[in-house]
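J.: pasting the sequence and the predicted model now:
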Amino acid sequence: MTTGFKSLSHEQQLAALQDIAQRALLQYDLPPNSTAALLNLSENATYRIEAPDGRRWALRVHREGYQSRQAIASELAWAVDLRQHGVAVTPRPVAGRDGQLIQDVVHPLMDSPRHVVLFHWETGAKPGIADDLTASFEVLGETAARMHMHARQWQRPAGFTRFTWNFDTALGEDRPHWGRWRDGVGMNAEKERLFQRTVNLIGRRLAHYGTGPERFGLIHSDLRLTNLLIDGATVKVIDFDDCGFSWYMYDAATPVSFHEHEPQAPDLIESWKAGYRKVLPLAKEDEAEIPTFVMLRRILLVAWIASHIEAEFPKSLGAAYTDGSLPLCEDYLRRFS
């Protein structure tokens with residue numbers, strides 16, 4: 001973002017993003033008078049595009065400086081191949097008038113154009129943690145296993161590039177992707193000591209677990225509830241913006257993101273594992289580290305909230321999420337030290 005954009009109020013930034021979305025519509029073969037309504041603002045801004053006749057699409061305006069054009073192209077290539085081969089129901093990107101899936105939109109408040117991608121609208125409802133998700137998590141486990149199997153066999157296109165989500169890029173001190181966990185909202189010296197002990201244990205366990213090809217590869221890495229759509233018995237997987245190279249079992253932890261402390265979380269993970277085993281075996285060493293990945297994800301999200309505090313959802317979580325992580329740290333240390 002330019003200094004000018006950063007200096008705007010949250011409302012002014014929303015207005016600028018809305019303007020980018022409206023400008024983007026002109027670069028697609030969409031019906032006249034189609035409208036753009038903000039659905040979600042996280043890493044990116046996502047809009048519901050609606051034509052006067054009721055047809056819909058989803059438009060993603062990418063956060064500046066997060067994913068490169070080549071990284072976005074790589075994400076789309078994997079998601080499209082997953083769908084074409086019946087591995088998972090994923091969003092279908094729409095080419096612009098120039099035939100390109102990634103469009104660039106110029107805005108006077110930006111030093112460089114914003115990347116945007118339009119997707120066909122997918123039916124379904126986003127699940128909530130209070131829903132009965134047992135069957136859906138079993139289907140999600142099956143889907144994750146098929147995606148992992150596909151990733152192991154897929155011949156990636158030339159120039160394929162995505163983030164690597166390992167210990168250093170998640171919880172390390174040297175420029176982690178989502179910021180430093182030490183900057184968590186409401187963090188103080190006492191809390192930091194407990195977090196540090198937990199991070200140290202996670203690091204030791206993952207160093208022992210390793211990153212061999214049977215454990216580490218291309219994954220979605222963000223299968224949280226807001227990135228799923230339940231459509232009858234089908235679980236659709238959307239938003240591949242954070243897909244990259246990490247531990248396969250990390251995909252067992254991300255579905256309970258922001259809900260790791262909820263009493264139903266362990267049972268949901270058990271359902272995920274049951275579904276996974278329908279497609280691929282689950283070694284005892286892999287299963288044993290799932291709690292480590294749940295804890296890694298929880299602390300990673302503490303960092304994410306702090307580094308995205310300007311957005312409404314992270315702001316709504318704030319220090320409560322940091323404080324809610326403390327008993328999870330204590331339980332993890334007690335069980336696995």
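T.: It's in. Keep in mind that this is a model prediction, so the values were computed, not measured.

J.: where do the strands sit along the stretch 201-337 of the chain?
T.: 216-219, 228-231, 234-237, 244-247 (DSSP state E, counting those that start in this stretch).

J.: next, count neighbours for Glu312.
T.: 11 (other C-beta atoms under 10 Å). Bear in mind the C-beta positions are built from the backbone N, C-alpha and C, glycine included.

J.: now swap in Tyr250 and tell me
T.: 25.

J.: follow-up on the earlier one: mind putting the strands of the stretch 201-337 of the chain into a markdown table with mean neighbour count?
T.: Formatted as a markdown table, the strands of the stretch 201-337 of the chain follow (neighbours: other C-beta atoms under 10 Å):
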| stretch | mean neighbour count |
| --- | --- |
| strand 216-219 | 20 |
| strand 228-231 | 18 |
| strand 234-237 | 21 |
| strand 244-247 | 23 |
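
J.: could I get the ones you listed as TSV with distance to Ser316 and mean pLDDT?
T.: Output for those, formatted as TSV (distance: least, C-beta to C-beta, whole Å; pLDDT from 0 to 100):
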stretch	distance to Ser316	mean pLDDT
strand 216-219	28	98
strand 228-231	20	97
strand 234-237	25	97
strand 244-247	27	98
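
J.: for those strands, could you give me CSV that also reports distance to Glu287?
T.: Converted to CSV, these look like this (distance: least, C-beta to C-beta, whole Å):
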stretch, distance to Glu287
strand 216-219, 16
strand 228-231, 22
strand 234-237, 21
strand 244-247, 13
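
J.: to Leu25, which of those lies closest?
T.: With C-beta to C-beta, the closest approach to Leu25 among the strands of the stretch 201-337 of the chain belongs to strand 228-231: 23.2 Å.

J.: give me the residues contacting that closest one.
T.: 89, 122-127, 136, 140, 235-238, 255 (C-beta atoms under 8 Å, 6 or more residues apart in numbering).

J.: burial measure for Arg193, as a count.
T.: 10.

J.: SS state for it?
T.: Using DSSP: H, G, I helix; E, B strand; the rest coil, the structure places Arg193 in helix.

J.: for it, give its distance to Asp53.
T.: Per C-beta to C-beta, to the nearest Å, Arg193 is found 59 Å from Asp53.

J.: name the nearest residue to Asp174, sequence neighbours excluded.
T.: Asp168 (6.6 Å; C-beta to C-beta, 6 or more residues apart in numbering).

J.: check which helix or strand the one you found maps to.
T.: helix 167-171 (DSSP states H and E).
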